[in-house]
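Asks: with the sequence up front, the predicted model follows.
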Amino acid sequence: METQQGELQLGDFIKGRLLFLEDYCKRRGLDYPKTLAEVQAQALRLAGTPEKAEFLKTRLFSGIVLSSSYFPDWVDKVLLEAITIAFKGPGAPLHTTTSRIPCITFEAGQFNAHRQADTVFRAYFSGKRPEDWLKSGFVQINRKCYGDAFADHIQVEELGPRRFRVSIDNAGVEKADQMDCSTGVGYLYGALEKLGVTGPLVTHDRCGLVPGSPDRICVYEISWR
Ligand SMILES: [Zn+2]
């Protein structure tokens, strides 16, 4: 939901990134405080301007991030890249086009789907068939987070049994980039896991955010067994 100019209700997603960082460290046996410090250092470097670095210091790293907190969308990009570098080193892939080859941004999206299905967006998941979640829940969640203008440009097609295509027109959507798409691949995959499907596959070969694309339309192909 757009509230202040240029700021979207990304609080729960940002909160999710920090929880993902903690969870990932726990699962991989990494030193969490040390990794967090590395993420903070990378994020301050990636911020690019003293104002943005100051914003990260005061609003993100030394305050409580609430689901209802408001953040400009560059914060998520900086955080995703900083987390990727802290986990995988500089030069690690920042995005993927298939759930078969997960990367950190994919895993961050997957983690958020799992978490939100149990918390803020439980109503959209609880007792829902995967088909119904794709046809309505997914769009409603996007409406909540990114507003009507964005959600109105999402098209969901049922191509056959357990086969869907989601197309998103990112024309005029400043926040969109390939990392964002990769978290989307992870989110769709994680949501399908939560909805109990077997063998989910999400691919994103047609990405309008690849430099040089004729338009900004992103297509996700979704299937399961
Ligand atoms: Zn894309």
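Replies: In hand now; what should we look at? Numbering: from 1, shown residues only.

Asks: can you pull the residues of this structure lying near the ion?
Replies: When proximity is defined as CB under 5 Å from the ion, the chain approaches the ion at Cys181, Cys207, Leu209, Cys218. For the C-beta atoms, the positions are set from N, CA and C on the backbone; glycine is no exception.

Asks: those residues in strands, which ones?
Replies: By the criterion of DSSP state E, membership of the residues of the chain next to the ion in strands covers Cys218.

Asks: including neighbour count, could the residues of the chain next to the ion go into a markdown table?
Replies: Shown next, in a markdown table, are those (neighbours: other CB atoms under 10 Å):
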| residue | neighbour count |
| --- | --- |
| Cys181 | 25 |
| Cys207 | 21 |
| Leu209 | 18 |
| Cys218 | 24 |
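
Asks: beyond whichever strand or helix holds Ala117, next helix or strand please.
Replies: Using DSSP states H and E, Ala117 maps to helix 104-118. Next along the chain after helix 104-118, taking DSSP H and E as the criterion, comes helix 122-125.

Asks: enumerate the positions of that next one that are buried.
Replies: Neighbour counts over helix 122-125 (16 or more other CB atoms under 10 Å) mark Tyr124, Phe125 as buried.

Asks: do the same with stretch 55-67
Replies: Those would be Phe55, Leu56, Arg59, Leu60, Phe61, Val65, for stretch 55-67 by 16+ other CB under 10 Å.
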